[in-house]
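just coords:
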């Protein structure tokens, strides 16, 4: 439960308010992880916050976390410099389980909204490079507010070169933008995935995940094959404190990645009391 | 005999599953068209006289504003529908629609469609039900985009509470 000091060995500004930090332990072995899991990052003297790992397990090198500046702790993390030390506790939570998720011949549709692409990055990298797809294709739909706020644009291009079908859509087009403008679900008709055999991984703002999951089910995707990443106020990371409870789930332990079928589909529509 | 344009009409998602005689009726209003990148399918203020069923490519729905130029409010890709203002008077386009790249579409003469729908209640109902379903989907998507889901207020669950405590 004690944060392990990690040194920031590099930082990369993804957009105006999103920064990727590359971390190595100040001493000892690097932490392992599986795509979808998160760590609790400590900005010493400010606080601790849950941030998903954005590294790919295929990459040998520092642990990466992509952070959006939305409050005091994330601001401190985004403003940290190369050489600064932050705390890392984890990894916690459930993975996307890419190997187990898709049928061997089915398509996999990955839908990411905004910074929701960060927790998916490792899973996508696994998917597009897995050797045993046996005909199953990978479709990546990424949504962003504006073209300038597309995160991991270079990765999206690389995944497309590796054979994935990539569609990026924005809420607001800007001069020179020649891609889609509209919700992520508006792109579904333009990408020819086979719903009956498809699996889906969805991560983004909760409303976006709710609508996306419904749209996928509406097109014939089995709800059992749709996974969503849910987030609440993760604090302890091990299911003790209860701050992240959502219905029957303690999301730091039972989530963040959960199947959409059953309780989650109801919880996503449930009004907070 | 099924004409090539009737086959195109029947295979577009808007009209897929329409009975054969209904397809033949609406195909009588249809022609196959193509647009070069940058070309306008329809222009704001012009008579709204065509329903476009997009077969390939991407169409940008635009509106222009002083000092901002053309603003793309939405794009429509293959399988989608462009042009609604022909449904109701005064039959004038409210936006521009521009081909982003090469676009292939079925252009359906609006007056012809309206006349056939008026003459055949069953066909009219089928067309309106299908068009209304697309309109509903677009309306719901537009409402969600008004929420600015990816904007700066989208927050982080753990941070929200800390911000209040601070």
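Sure, I can see it. Please read all numbers here as calculations on a predicted model, not as lab measurements.

Report pLDDT for the residue in the stretch 1-150 of chain A positioned nearest to chain B.
At 3.2 Å from chain B, residue A:71 is the closest residue in the stretch 1-150 of chain A, using C-beta to the nearest C-beta. Backbone N, C-alpha and C define where each C-beta goes, glycine included. Residue A:71 is assigned a predicted lDDT (pLDDT) of 91.

And it, its phi and psi?
Here is the backbone geometry of residue A:71 (degrees, to the nearest 10): phi -170, psi -170.

neighbours of it, just the number please.
21 (other C-beta atoms under 10 Å in any protein chain shown).

Residue B:78 contacts residue B:52, doesn't it?
No: using C-beta atoms under 8 Å, residue B:78 is not in contact with residue B:52; the gap is 11.8 Å.

show me where the chain has helices.
No chain in the question, so chain A it is. Assigned helices in chain A, in chain order: A:72-79, A:117-129, A:153-161, A:206-218, A:251-254, A:263-269 (criterion: DSSP state H).

oops, chain B please
Using DSSP H, helices in chain B cover B:4-11, B:20-27, B:110-119, B:121-146, B:157-165.

Which other helices and strands does the fourth one contact?
Using 3 or more C-beta pairs under 8 Å, 6 or more residues apart in numbering or on different chains; DSSP states H and E as the contact criterion, the secondary-structure elements in contact with helix B:121-146 are helix A:206-218, helix B:20-27, helix B:110-119.

which of the helices of chain A sits most buried?
Scoring these by mean neighbour count under mean count of other C-beta atoms under 10 Å in any protein chain shown gives helix A:117-129 as the most buried, with a mean of 24.

quick one, it and helix A:153-161 angle?
20 degrees (axes from the mean of the first three to the mean of the last three C-alpha atoms, to 10 degrees).

From the contact counts, what lies against helix A:117-129?
strand A:63-68, strand A:108-113, strand A:138-144, helix A:153-161, strand A:199-203.

Pretty sure residue B:112 sits against residue B:31.
No: using C-beta under 8 Å, residue B:112 makes no contact with residue B:31, being 10.5 Å away.

and residue A:136, how far is that from residue A:227?
16 Å (C-beta to C-beta, to the nearest Å).

For the two, indicate the residue with more neighbours.
Shown here are residue A:136 and residue A:227; by other C-beta under 10 Å, residue A:227 has more neighbours (27 against 20).

partner residues bridging that one?
Judged by DSSP bridges, the bridge partners of residue A:227 are residue A:201, residue A:259.

My guess is residue B:41 contacts residue B:105. True?
Yes: using C-beta under 8 Å, residue B:41 is in contact with residue B:105, at 7.2 Å.

residues shared between the contacts of those two?
B:35, B:52, B:59, B:82 (C-beta atoms under 8 Å, 6 or more residues apart in numbering or on different chains).

As CSV, those residues with distance to chain A, neighbour count and pLDDT would be great.
Below are the shared contacts of residue B:41 and residue B:105 laid out as CSV (distance: C-beta to the nearest C-beta, whole Å; neighbours: other C-beta atoms under 10 Å in any protein chain shown; pLDDT from 0 to 100):
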residue, distance to chain A, neighbour count, pLDDT
B:35, 15, 22, 98
B:52, 15, 21, 98
B:59, 11, 26, 97
B:82, 13, 22, 97
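
between those, which is nearest residue A:193?
When these are ranked by distance to residue A:193 (C-beta to C-beta), residue B:59 comes first, at 21.8 Å.

What count of nearby residues applies to residue B:89?
Residue B:89 sits with 8 neighbouring residues when counted by other C-beta under 10 Å.

Kindly apply the preceding question to residue B:39 instead.
Burial of residue B:39 is recorded as 12 neighbouring residues (other C-beta under 10 Å).

Next one: it relative to residue A:173, how far apart?
From residue B:39 to residue A:173 the distance is 18 Å (C-beta to C-beta).

Any idea which of the helices of chain A has the lowest pLDDT on average?
Taking the mean pLDDT of these, helix A:263-269 comes last: a mean of 84.

For chain B, tell me whether it is touching it.
No: judged by C-beta under 8 Å from any C-beta of the partner chain, helix A:263-269 stays clear of chain B, getting no closer than 14.2 Å.

contacting residues for residue A:258?
A:94, A:227, A:228, A:229, A:230, A:249, A:264.

for residue A:86, same thing?
Applying C-beta under 8 Å, 6+ apart, we find residue A:86 in contact with A:5, A:6, A:8, A:21, A:23, A:41, A:42, A:43, A:44, A:77, A:80.

Ok, residue A:183 next?
Taking C-beta under 8 Å, 6+ apart as the test, what residue A:183 contacts is A:143, A:169, A:171, A:208, A:211, B:141, B:144, B:145.

Report pLDDT for it.
On the pLDDT scale, residue A:183 gets 94.

Next, find the distance separating residue B:134 from residue A:211.
In terms of C-beta to C-beta, residue B:134 sits 16 Å off from residue A:211.

What of residue B:77?
Taking C-beta to C-beta, one finds residue B:77 at 18 Å from residue A:211.

again, but for residue B:68
Taken as C-beta to C-beta, the span from residue B:68 to residue A:211 is 29 Å.

next one: residue B:53
With C-beta to C-beta as the criterion, residue B:53 and residue A:211 are 25 Å apart.

Over to residue A:43?
In terms of C-beta to C-beta, residue A:43 sits 33 Å off from residue A:211.

hang on, the earlier thing: distance to residue B:11 for the helices and strands packed on helix B:121-146 - can I get that in JSON lines?
Output for the helices and strands packed on helix B:121-146, formatted as JSON lines (distance: least, C-beta to C-beta, whole Å):
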{"stretch": "helix A:206-218", "distance to residue B:11": "21"}
{"stretch": "helix B:20-27", "distance to residue B:11": "10"}
{"stretch": "helix B:110-119", "distance to residue B:11": "18"}
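
quick revisit: okay if I get the helices and strands packed on helix A:117-129 as CSV plus distance to residue A:215?
As requested, those are exported to CSV (distance: least, C-beta to C-beta, whole Å):
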stretch, distance to residue A:215
strand A:63-68, 25
strand A:108-113, 9
strand A:138-144, 11
helix A:153-161, 21
strand A:199-203, 10
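
quick one on the thing from earlier: with respect to chain B, which of the contacts of residue A:258 is nearest?
residue A:230 (9.6 Å).

what's near enough to touch the closest residue in space to the closest one that isn't next to it in sequence?
Among residues not flanking residue A:230 along the chain, residue A:255 sits closest, at 5.0 Å (C-beta to C-beta, 6 or more residues apart in numbering or on different chains). The contact partners of residue A:255, taken as C-beta under 8 Å, 6+ apart, are A:93, A:94, A:229, A:230, A:231, A:244, A:246, A:249.
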